[in-house]
Every structure is written in C-alpha cells, then in structure tokens.
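Undergrad: A predicted structure for the sequence below; I have some questions about it.
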There are 2 protein chains.
Amino acid sequence: MFEEKLKEFEPIFYPKSIAVVGASSNIKKIGSGWVSALVSAGFSGTIYPVGSSGGRIAGLEIFPELKQVPGEIDYVIVAIPSQFVLNLLDDCAVKKVKAVQFFTAGFSEIGKPEGYKLEKQMLEKARQGGIHIVGPNCIGIYCPEHRISPLGKIGESGPVGFASQSGGIAAKLMEIGIARHINYSKGVSFGNGIDLDASDFLQYLAADPKTTVIGAYLEGTRDGNRLFNTMKAVAKAKPLVVWKGGRTEVGAQAAMSHTGSLASSAAIWSAMLRQAGAIEVHSLEELADTLLIFPRIRYWQGIGTAIIAGLADGGGGISVYAGDVCIENGLEVPTLSHETKQELMELLGEAGSIFRNPVDVSQAQSRGLATLFQAIDLVARDHVSDIILIQEDIDILLPIYSWEGLEEISEFIIDLERRQKKPVTVVLPPGSAEPERLQIEQKLLAASIPVYISIERAAKAISKFNQYSCWRQTEDSHQKAAALRKPDKIQL
Amino acid sequence: MFEEKLKEFEPIFYPKSIAVVGASSNIKKIGSGWVSALVSAGFSGTIYPVGSSGGRIAGLEIFPELKQVPGEIDYVIVAIPSQFVLNLLDDCAVKKVKAVQFFTAGFSEIGKPEGYKLEKQMLEKARQGGIHIVGPNCIGIYCPEHRISPLGKIGESGPVGFASQSGGIAAKLMEIGIARHINYSKGVSFGNGIDLDASDFLQYLAADPKTTVIGAYLEGTRDGNRLFNTMKAVAKAKPLVVWKGGRTEVGAQAAMSHTGSLASSAAIWSAMLRQAGAIEVHSLEELADTLLIFPRIRYWQGIGTAIIAGLADGGGGISVYAGDVCIENGLEVPTLSHETKQELMELLGEAGSIFRNPVDVSQAQSRGLATLFQAIDLVARDHVSDIILIQEDIDILLPIYSWEGLEEISEFIIDLERRQKKPVTVVLPPGSAEPERLQIEQKLLAASIPVYISIERAAKAISKFNQYSCWRQTEDSHQKAAALRKPDKIQL
C-alpha cells in the first residue's frame, strides 16, 4: 500500500546530503544549531552549511550561497527570515534539490494576508522546480536509523513512526522516546504542511517496512476528505494512534496561531477517527503511553486482566483502586478460578491477602521471594487472564527485599512473560525512591516490558490496544466475508 | 467545632508512651519492625516493646507481658495473631491504656462469621475498658510533629491531615508527601474501623488547629448517616477532599476482602459528597495533586488562567494542548488584554509567538533571559488572569539556558508569585533530563509553588481548588443571609 511513497520520500528520510541554509560561524545562530545537531547525531552523509557570512562551523566550510555548493544536494534545511525564502527556492531548483524543510516561521499562522500569499508563492515555485516542501514552521525529520535528529541526540531505532504538526510535540515525543524506550523508525514535524501534509506522511509510514505502528498529532488539515481516506487505508495496514489538538475553542485559536489550522468540531474529528479505524487519544501522555504498549504486546489472546496489586505490605487499597480503574477503562477483571484461589490460600494463608482479582499477595513477604514468585506464577498461569498487570511499589519493596531482591523481582517479571506466554505490564508508581525506581523502569523497558507510573495510565494503554484488537478482528472478518462473496479471489 | 475530640484523641496522636506488642529480638518480626520504625522516626516518648520471648530490640528491653510494663501506657500497637487479641485487651484494661491500634488482620475482611464475632467481642471489651481501637487491619498513626511514623521516616510537618481506610494508600500518601512536599499535620489509616472510624478522625482533623485541609480515602462505612453529617460539618470548616475506593463491582469486591466494607453505589457516594460540600477525586494521583495545591494557593481571586506554555522552542503545540485541557477541566482561559498583546508584540515580534492565551513566548530565547522574564511579567500582571500556569520543559530549556539559566528561571518564578500577588503553578513534564528536572521540582515545591508533571494534572488540581472556592462563596453567602434573617445574631 502506498509503495510509491517509499522512493518519493527516500531523499527526505534517507538523504545522502543535507544543506543547512542560515548557518554562520556564530554557534548561537539557529542555522548553526541545525548543523551542530546533524553532526552530534552522527549523520553520515555530507553536510553543507550555507550562510552569507561564510567562515566555518563545526569544522565544516560555510558556502555563501546554495548555488556554490559543489556536490548534489538531496535535502535542504532552511533557517532564514521569511522574506528570503522565494529566492532560496529558485536556488534549490537550480541545484535540483529534492526536498526543502523550512524551520522558518511567519506565514499563514500569523493570520495576515501576506503570510497566505507567501505560502502560495512558495508552493508554486516548489511545484515548478519539482521540489517537495516540509513545513514551513517545523523541525522536520527524525530518523534514528539514518542519524538525523533536530535535537542532536538520537534514541534507539525501532518500529514506531510518527507525524506531528507541531515541532514542540515532535521534540517531546523524541525526548520521551529516549527516556522510555519508545523506539522510532522515523518521525516528522511538518508545521503548516503547505505541500507534504499529514496524509503524505501517513501514507509513507504505512508503506515503510521499518514501521509497524503509527502515531500522529494533528491540528487541522487543508483536505479533510483526503486525510479521512488516507487514515482509513493506513489503519487497515497498521495501528494508527491519533491525537487531535485544538478540540476546544481556546485550543483551536492557539492552533490557528500555531500552524494556521482552521478550527473544526472535536465531535466531527472523533467520529472521523472512529470511522477510519484510528485510535483516538487526548493528550501527549496518552499518545506516548499508547505508542509504548503496541510494539511490546506479544502473545495477546483476549481482554481478561489479572491484576497483582500487592507484592508486599499494603496491597489492599491498591487492589481496590486497580479494580476500579481497570473496569472504568473498559477492561475485564475476571475472578480467578477456584483452583488458583485454593492453591494461593494453601501457599499464603487467608489473613491479609485478597485472592479474587485484583490479587494481593502481600503475605508472601514473610515467606521470602521464592514464595512471592510462586504466588505470581499461580495467578499468571490461570486461564481466566490474558494479560498480567503488576504494581511494583519500590517504596514498599526496597526496605523489605533490598536492592538485590528488587533485581531478582525484575528478572522474574521479565522471565514471567516469556514463560507464561502472556503479556505483562508493570506499574511503578513514583514515591520517595526515584533513583532506584528509574533504574528498574529502564531495565524493564529495555526488556520490552511496558512500564507506567500509574495503574490508570497502564489501564488506558491496555484498553487502547484492546480497542484496536477488537476493531481488527471485526475488520478482518468483514474482509474474509467480502472475499467469500467473490469466489474467484479465494486463496487456498 | 468538635473541640471535644482534641482531648479524646490526644493519647492517639500525641501519646507520651507507646507499647508495641509482638516484638522480639528477631528484627525480621513485624512487631520488631514497629519498634524500629518508632526509633528511626525519633519518637521522643517512651517505647515499651512487649513479646513473650523477652530479650532486647533496638537497645530496648522487651517485656514478656504488657502487664509487666513498669510505667503508664497511652497507646499500644499490636502485631500478634488474631486469636490473642481478646486477652491482650484485658491486659490493656488492667494497664488503663487509652487506645490500641491493631496491625493484626484476619477479622471481618475475611468474610467469615468468626471474624465478625471477634470484632464484636473486641469492641465490647474495649468499651468496657474505656479503650479506643484504631483498626484492626491498619498501620495507624502518622504524626510528623510528634515523630510517629509507621514507615520509620518522616516528612516535614505541615497543614494537611488525612484519614485513610487503607494502610497501603496511607503509606503511599506519606511517601508521596515526602517526595512532593505535601506536608502533613497528621494522618491515620484505620482499616476495618470497628470503633474509631472515618467520622471520628474527620471530626478530630476538623478540630485540630494544625490542620487546614483534609484528605480522605474511604472504602465504606458502617454508619452512612453519621459520615454524611460529619462530612457536611467538616467541609464547612475546612476543605475536605475525598476519594472513594470500590466504585465498581470489582473494586467493591476487593474492598470487601480488604477492610470488610460493604458495597454501595458510586452514584450515591458522589451525590453524598457533593451535598456535603466535599471535593470528590477518583485516584491516588488526584488526591495527592489536590492536597498539594490547597495550602499553596494564596492571593486567589477568581478562575481566569493565564497559560504560558512555551518559554523557548516548541511552545506552539503545547499551547494548543494546554488550552484544550484547561477548558475541558472547567477553567477559564481569557484572551489577554489588547495592551498586553501589543506590548508582547513590541518586545518579541510576531513570527513564532502566540499572544492570545495560552501564550507562547518562545521568541524571547534569541534575546536572552531578561526578555523572557519581561514577557512573563507582562502576561502575569494582565488583569484578565487570576492564576498563572507555566509549563517549563527542562529538555528544551537546559540546552538553551544551561543549568545556571534554569536556576535563574526558578528564582524568577518563585519571585513572580510574591511580586504579582497571583498564584503560580508550574508544570515540569518528564523527559530525558530527570535528575535536573527533579532538582528544579524540589526547589519550586520547597518555595511553596505547586508543581505537576502534566498540564492535565495541574488543570485538574486548579479546578478542584476552584470548585471549593465557588462552593465556599455560595455557602458563606447562605450563612450571611441566614444570619440576616435573625437580626439578633448580626455581628458588626
């Protein structure tokens, strides 16, 4: 699907050479920052700094004009005032540049006629020159595999693709990705999107073999029909998680000033996303939380959630809480089977434990880790559950089991998923032992276990995954039925 | 109001001596843990460990029987199996103990007749002996001022009181309190609450002069009428924030196994809380977030929120997001006055900024911190806003302003509140610079600025505060009107 986009976008995500226009030997200049970012990120192609003052930046010669660059240029990053962009596009045409990204702002988002006019002129020049525009008013491309990053730093390469109208949201997605092991295939911030917009990038990500799940932050579109049809097609191929910013009047007015996006009803967007089979989220946290869980869930077979809320002291209230939020977020929390409850009771005794589901196995703590692991195993292997949600409270566990014990617990949890062939999600609530908590979080995330800071956020993410799985099943059975109606198309 | 509770509860929150029953020279025993916790917390009264095996723990002599303790005992903490509790209560009566806290579990929460029977017998014995019971199945008292903590560690003493049916939730509230500077006057976990229950502790906290805001985690009550009347009276005196656990069937079943609480409809609870003038919250995070903001808001005059979402690069998308979540959480986000917009435009120029509200002052970054501070001051002093919400993204700011710049920003924000006499709330979203972020969080919190990890959580907390202020105003005007109807009661 959309395979033609792969070749078309090759110079954008995998350019052999990048020119940065607006560079100078003053490292404080924004253009110079772009050069430094490419160097820090370890971009292995050729970097051509361009700036009228000449000189050197990051050990590279600065060319006074784009036309004076000796070699071929695939991609240009522009950080010069808006009054110079039309001339620059002429130079790009001369150099047969494939795509230009404008960091430059000051166009339609200002809300004045001259801004709209300038965008129109840019687009005409780009079309004439056979040049694609990314932006304006954006931070462009993030491609860990090809070592392009507007931040200068790069996370691991992975299966998550994203398209964001906002540069700030895109940058924060990169930062959160680095911190929480949300590993990206590639991402893009496309700002005002006057040429390539959400639809184009979503089509590319759908075609990209390195991407298995797609996230998007959108504020508006100039072609709603195309976006709807694109999302419908993309969602059939890969999970598509969409956050629409500017749902309220105040948010929409900010979006107008931000990317020149016109307001449209939140209800219409929600309906469109639902019909397209996209998964709607409502905040940065929810977008990141959902993108975190998708590539990490293996062995999925249903929606029954076994919740182990108390590994030691004080699991009672958390069990009540976990039961409430999982149910309120649409998960099922089935009662454990009679056999499991019986075995747990024999293992741990009755007082101070809760064996229904959520499960509180606090009483294991007086018997040691082996008993704790045995109890968790009993719950995890019960056929009533399809996914295991474990709350691990470091404040409580650290004084009881010490750091070595916590490491054993992490190993056990990582192994539990492999052994029981059921997805495991862990909640590590913040408290007064942040350094230890963050270290355990890193270990579990690196081992592909999704980790959240609250049961609520974990439950929401699981529920988004579940929403997709249900939609996917219905969609697949529709497709099968349609195929059956056309007997010549059946594949045996 | 409820002043009689102060004297009655003196031996519970300010005991001169505490006996711990179930101690042994084995520090792994739970009773020994209680002794260690009191010693670590620095309890300055007398501690009497009691345990049949005798010996010493934490340098203290262990008395084989409670009756053998030489001095007077105000308060007893019990960690022995449930079959011994009746005899122990006899001993307590002999020693004229004022109150007994049972950590011991295995009563009505097990759901068997013998558990209920035992609770009834305990209560009878306690009443006969003039003894109060805290619990059973609880971790009892937290009183930083008097250096009592079940965790062994103690946060700063402050104005927040809490009552929690769950020991785990109580412990987590203490941990979060230590981490986030939610400073408690005192707290209590009362478990099954067979004698003193939520109503008693809420009445005490209402009377306690050290407490100005009260939080509660409740799973159920044996006397709904009394609780309702208590909450109504308490909420009149002090803000009362209530989280009801067990709102769903699954949660309620867990609550039954946890504290023997009977299920009751979530809708009935919500209605009751609303009528009582209490502020309902739905999670641990929301409870903590709300308790954090109440004592920190000074200079409050209304609900107009000025949002400064972009201090540097990438504030556009965050402005859109902040506008959406503030509006969706019931705040007002009024457009800045024409004069302020004009002054901002002169200061920063037009391109890349958003001056409506939310405000994006990113463009200040090329002009330095003095300009940034000037821009924030312009927004903060605008009469349209009553509260200032600032998103400070450390991932973005650290590379631009370095650590010294971030410290200047913190100083500026702390001073801003004092200077503009408007409450300031700060959002510090996590990312890839956690150590620096946590350090800034600590500094702002210590200076009494409420800090949240997301705009959503900040908006929710502000909105809870606002809900209380509105209710308070209505309530006060009703009281005034009532007073006017009785002219002899007018105070001039």
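TA: Thanks, I have it.

Undergrad: find me the pLDDT at the residue nearest to A:Ala41 when sequence neighbours are not counted, would you?
TA: Ranked by Cβ to Cβ, 6 or more residues apart in numbering or on different chains and with sequence neighbours excluded, the top spatial neighbour of A:Ala41 is A:Ser149, at 4.2 Å. Yep, even glycine has a C-beta here, placed from its N, CA and C like the rest. With respect to pLDDT, A:Ser149 scores 97.

Undergrad: wait, A:Ser149 touches A:Met174, no?
TA: Yes. With contacts counted by Cβ atoms under 8 Å, A:Ser149 reaches A:Met174, the gap being 7.0 Å.

Undergrad: now for these two: what residues contact both?
TA: A:Tyr142 (Cβ atoms under 8 Å, 6 or more residues apart in numbering or on different chains).

Undergrad: where is the longest helix in chain A?
TA: The helix that spans the most residues within chain A, counting by DSSP state H, is helix A:455-485.

Undergrad: which elements pack onto that helix?
TA: Under the contact criterion of 3 or more Cβ pairs under 8 Å, 6 or more residues apart in numbering or on different chains; DSSP states H and E, helix A:455-485 touches strand A:279-281, helix A:284-293, strand A:305-310, helix A:316-328, strand A:387-391, strand A:424-427.

Undergrad: mind listing what's buried in that helix?
TA: Within helix A:455-485, the residues that count as buried by 16 or more other Cβ atoms under 10 Å in any protein chain shown are A:455-469, A:471.

Undergrad: residues contacting the most centrally placed residue in chain A?
TA: In chain A, the C-alpha nearest the mean C-alpha coordinate belongs to A:Leu291, at 4.4 Å (Cα atoms, centre = their mean). Neighbour list for A:Leu291: A:Val160, A:Phe162, A:Leu173, A:Ile182, A:Val213, A:Gly215, A:Val241 [criterion: Cβ under 8 Å, 6+ apart].

Undergrad: what does the stretch 101-250 of chain A have sitting close to chain B?
TA: A:105-106, A:110, A:137, A:139, A:152-153, A:164-172, A:175-176, A:178-179, A:217, A:219, A:245-250 (Cβ under 8 Å from any Cβ of the partner chain).

Undergrad: out of those residues, name the ones that lie in helices.
TA: Members of those lying in helices (criterion: DSSP H): A:Gly167, A:Gly168, A:Ile169, A:Ala170, A:Ala171, A:Lys172, A:Glu175, A:Ile176, A:Ile178, A:Ala179, A:Glu249, A:Val250.

Undergrad: and the lengthiest strand in chain A, which strands flank it?
TA: Assignment by DSSP state E gives strand A:157-164 as the longest strand of chain A. Here strand A:157-164 has these sheet partners by DSSP bridges: strand A:184-189 (parallel), strand A:213-218 (parallel).

Undergrad: could you give the angle of the helix or strand following the first one to strand A:184-189?
TA: Just to be clear, that refers to strand A:184-189. Per DSSP states H and E, strand A:184-189 leads on to helix A:198-207 as the next helix or strand towards the C-terminus. With axes from the mean of the first three to the mean of the last three Cα atoms, to 10 degrees applied, the angle from helix A:198-207 to strand A:184-189 works out at 170 degrees.

Undergrad: which elements pack onto helix A:198-207?
TA: helix A:4-13, strand A:157-164, strand A:184-189, strand A:213-218, helix A:224-237.

Undergrad: return the most buried member of those.
TA: Using mean count of other Cβ atoms under 10 Å in any protein chain shown, the stretch among those with the largest mean neighbour count is strand A:184-189, at a mean of 28.

Undergrad: check the separation of the first and last residues in stretch A:39-52.
TA: End-to-end distance for stretch A:39-52, by Cα to Cα, to the nearest Å: 21 Å.

Undergrad: now do the contacts for the residue nearest to A:Ala41.
TA: Applying Cβ under 8 Å, 6+ apart, one finds that A:Ser149 lies in contact with A:Ala37, A:Ser40, A:Ala41, A:Tyr142, A:Cys143, A:Met174.

Undergrad: what helix or strand is the first one located in?
TA: A:Ala37 is part of helix A:30-41, with elements assigned from DSSP H and E.

Undergrad: so which bits of that helix are buried?
TA: Quick answer for helix A:30-41 (16+ other Cβ under 10 Å): A:Ile30, A:Gly31, A:Ser32, A:Gly33, A:Trp34, A:Val35, A:Ser36, A:Ala37, A:Leu38, A:Ala41.

Undergrad: what is the nearest of those residues to chain B?
TA: Of all the buried residues of helix A:30-41, chain B sits closest to A:Ile30, with 7.7 Å by Cβ to the nearest Cβ.

Undergrad: tell me the pLDDT of the closest one.
TA: Per the predicted model, pLDDT is 89 at A:Ile30.

Undergrad: quick check: closest non-adjacent residue to it.
TA: A:Ala79 (4.5 Å).

Undergrad: from A:Ser40, how far out is the one you found?
TA: Plainly put, A:Ala79 is 16 Å away from A:Ser40 if you go by Cβ to Cβ, to the nearest Å.
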